[in-house]
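Chemist: my questions are about this predicted structure, shown below with the sequence.
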Amino acid sequence: MAVRRLSSLSTARNPVLVRPKQDPETVALKQVASRPTTIYWFLMVSDLATAIWMYTVGPWLDKTSKFTATGTLGGHHVLLLIIALTGFLMLATLAVLTDNFTHSTRNLAIARNVACIISIVALTGLLALILMALLSRLLFGPLRP
């Protein structure tokens, strides 16, 4: 912070702390740069949650009904577990290599995009289950005993 007087004609001689002016484009770039890192961390946490979910509840989701099998992409909970773990491990490795997703090279950017695609595929089962539940709620109305 810079120290300067309010005006040269001022009778008071007390210095005032004034923040330097920031360029609006620089502030916008900082905000945009912080947004993608949170998306990558969210994907990492989601992949880990999906892997735990498939390990604990995956066989039950496969065998219970076709509706719950949509959460495991049609009854393939082991494959979904492997995809979620692969996405998590790729993003965790890239977090270390790219300094928390802030610096990147061309090859690391390609690897980051592939890891995101793998993570999205792992999350489609959960998304399909949520959409099916919402659709059944719209079609059948509220379920009351």
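Modeler: Received, thanks.
Chemist: where do the strands sit along the chain?
Modeler: 2-4, 16-18 (DSSP state E).
Chemist: weakest of these by average pLDDT?
Modeler: Here the strands of the chain differ in mean pLDDT, and the lowest is strand 2-4 at a mean of 53.
Chemist: residues contacting the nearest residue to Y55 once chain neighbours are set aside?
Modeler: Closest residue in space to Y55, ignoring its immediate chain neighbours: L81 at 6.0 Å, by C-beta to C-beta, 6 or more residues apart in numbering. Just so you know, the C-beta spots here come from the backbone N, C-alpha and C atoms, and that holds for glycine as well. L81 makes contact with A51, M54, Y55, G58, according to C-beta atoms under 8 Å, 6 or more residues apart in numbering.
Chemist: do that again at 10 Å, thanks
Modeler: With contacts defined as C-beta atoms under 10 Å, 6 or more residues apart in numbering, the neighbours of L81 are T50, A51, I52, W53, M54, Y55, G58, T72, A122.
Chemist: do L108 as well
Modeler: Here L108 is in contact with L94, L97, T98, F101 (C-beta under 10 Å, 6+ apart).
Chemist: what is the most widely separated pair among the contacts of L81?
Modeler: I52 and T72 (13.8 Å; C-beta to C-beta).
Chemist: of those two, who's got more company?
Modeler: T72 (25 against 13; other C-beta atoms under 10 Å).
Chemist: can you name every helix or strand that the longest helix along the chain contacts?
Modeler: Counting residues, the longest helix in the chain under DSSP state H turns out to be helix 24-64. Contact partners of helix 24-64 among helices and strands, from 3 or more C-beta pairs under 10 Å, 6 or more residues apart in numbering; DSSP states H and E: helix 66-69, helix 77-97, helix 106-140.
Chemist: phi and psi next, for G74.
Modeler: Dihedral angles of G74 (phi, psi; degrees, to the nearest 10) stand at phi 90, psi 30.
Chemist: drop anything exposed from the contacts of L81.
Modeler: By neighbour count, with 16 or more other C-beta atoms under 10 Å, the contacts of L81 hold T50, A51, W53, M54, G58, T72, A122 as buried.
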